[in-house]
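[1] Following is a predicted model, sequence given first.
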Amino acid sequence: MKVIIIEDETPAFNKLSKYLLEFRADAQVLAWFSSLEDALQEKSLFAQCDLILSDIKLLDGDSFELFHQVKLNCPIIFCTAYNKYMQDAFDTNGIAYLVKPYSQKAFNNAMQKYEQFFDKKSTIQLDSKAIDIIEQMLQKNKKSYKQRFSIKKKNGIIIKEVSDTLYFQASGDFCVLVDINGERHPVNYKISILESLLNPQSFFRINRSEIVNIRYIQKVKPDFKNKMQIVLPNQITVQTSGARTPEFRRWLEGE
């Protein structure tokens, strides 16, 4: 059984791979694509796979953009962080889905559904109308998250992308954005407000005063009193609070 996984977060990819092999020992991950660009460069591989496990929202766009351009002869199980309001759209069009965080049991149920309806001799071409319907539902219901900040400096205003942020740190009634170069920039939000503006799939509030970006976590190691030390680029380290550590562990695993 050859499977292609489309997922831009390493912990989520590891989880999918683990669940897949626990369900089907004969499964082979034919390819892992973390972006639409990578998938399009290797689009010939899609003709060889039996199943696609795909996230919806990637760093460089929605996976629907890929499925509009690649001819598919295999089913797709979507793995999405969006809520169950999407369920009717997926079920009506015969496409299984997993809502993050999902369990091994939920994954197995989705796989069993596909084993029931598709065998090695079966082929299916995903109806473009079904993709359009799901895409429209997604656009209607997804929450928009903060993408960039305009920051006042002595020489004018600079723009900082949220995706290029290592972490945010509270500082009184505002926060400090620490970018990929280790430079610090003030942003005019309280940390409680800022937390609600950031995508929870990418950002996690590790303690009362800091929010970290999963994209730049290089290493995590245990610390005293149930805390976790997080290593970021530029030799920057931050630390979870003991109370936040259990939820942080689950977040890292994509649960």
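    Looks like it arrived, so ask away.
[2] would you list every one of the helices in this structure?
    10-23, 36-41, 63-69, 87-92, 104-117, 128-141, 191-197, 245-252 (DSSP state H).
[3] In a markdown table: the ones you listed, plus mean pLDDT.
    Formatted as a markdown table, the helices of the chain follow (pLDDT from 0 to 100):
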| stretch | mean pLDDT |
| --- | --- |
| helix 10-23 | 93 |
| helix 36-41 | 90 |
| helix 63-69 | 82 |
| helix 87-92 | 42 |
| helix 104-117 | 85 |
| helix 128-141 | 57 |
| helix 191-197 | 90 |
| helix 245-252 | 90 |
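[4] Switch the ones you listed over to TSV; also include distance to residue 233 and mean neighbour count.
    All C-beta spots, glycine's among them, are computed from the backbone N, C-alpha and C. Output for the helices of the chain, formatted as TSV (distance: least, Cβ to Cβ, whole Å; neighbours: other Cβ atoms under 10 Å):
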stretch	distance to residue 233	mean neighbour count
helix 10-23	16	18
helix 36-41	22	16
helix 63-69	28	18
helix 87-92	38	14
helix 104-117	33	14
helix 128-141	32	14
helix 191-197	21	14
helix 245-252	18	16
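[5] Which of those helices sits closest to residue 225?
    helix 245-252 (9.3 Å; Cβ to Cβ).
[6] Can you check what angle separates that closest one from helix 10-23?
    Per axes from the mean of the first three to the mean of the last three Cα atoms, to 10 degrees, the angle that helix 245-252 makes with helix 10-23 is 80 degrees.
[7] Please enumerate residues in contact with helix 245-252?
    For helix 245-252, the external contacting residues (Cβ atoms under 8 Å, 6 or more residues apart in numbering) are 11, 101, 204, 206, 214, 217, 220, 226-228, 240.
[8] quick check, distance from that helix to the centre of its chain.
    Mean-position distance between helix 245-252 and its chain equals 15 Å (Cα atoms, centre = their mean, to the nearest Å).
[9] Out of the contacts of helix 245-252, which end up buried?
    204, 206, 214, 217, 227-228, 240 (16 or more other Cβ atoms under 10 Å).
[10] Show me those that map onto strands.
    204, 228 (DSSP state E).
[11] tell me the two of the buried ones among the contacts of helix 245-252 that are most distant?
    Spatially, the most separated pair among these is 214 and 227, at 18.0 Å (Cβ to Cβ).
[12] TSV for the buried ones among the contacts of helix 245-252, including pLDDT and distance to residue 190?
    Below are those laid out as TSV (pLDDT from 0 to 100; distance: Cβ to Cβ, whole Å):
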residue	pLDDT	distance to residue 190
204	95	17
206	95	17
214	94	22
217	94	24
227	92	24
228	93	25
240	95	20
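[13] For residue 186, state which of the buried ones among the contacts of helix 245-252 is nearest.
    Among the buried ones among the contacts of helix 245-252, and counting by Cβ to Cβ, the member closest to residue 186 is residue 206, at 20.3 Å.
[14] Look up the closest residue to the closest one, ignoring the ones flanking it.
    Excluding the flanking residues, the one nearest residue 206 by Cβ to Cβ, 6 or more residues apart in numbering is residue 240, at 4.3 Å.
[15] Show the contacting residues for that neighbour.
    Contacts of residue 240 (Cβ under 8 Å, 6+ apart): 206-207, 227-228, 230, 248.
[16] Out of the residues you listed, which comes closest to residue 41?
    Nearest to residue 41 among the contacts of residue 240, with distances taken as Cβ to Cβ, is residue 230, at 32.5 Å.
[17] Run a quick neighbour tally on the closest residue to that closest one other than its chain neighbours.
    Spatial nearest neighbour of residue 230, excluding adjacent residues (Cβ to Cβ, 6+ apart): residue 238 at 5.0 Å. When neighbours are defined as other Cβ atoms under 10 Å, residue 238 has 20 of them.
[18] shouldn't residue 238 be in contact with residue 167?
    Yes. Residue 238 is within contact range of residue 167, at 5.9 Å (criterion: Cβ atoms under 8 Å).
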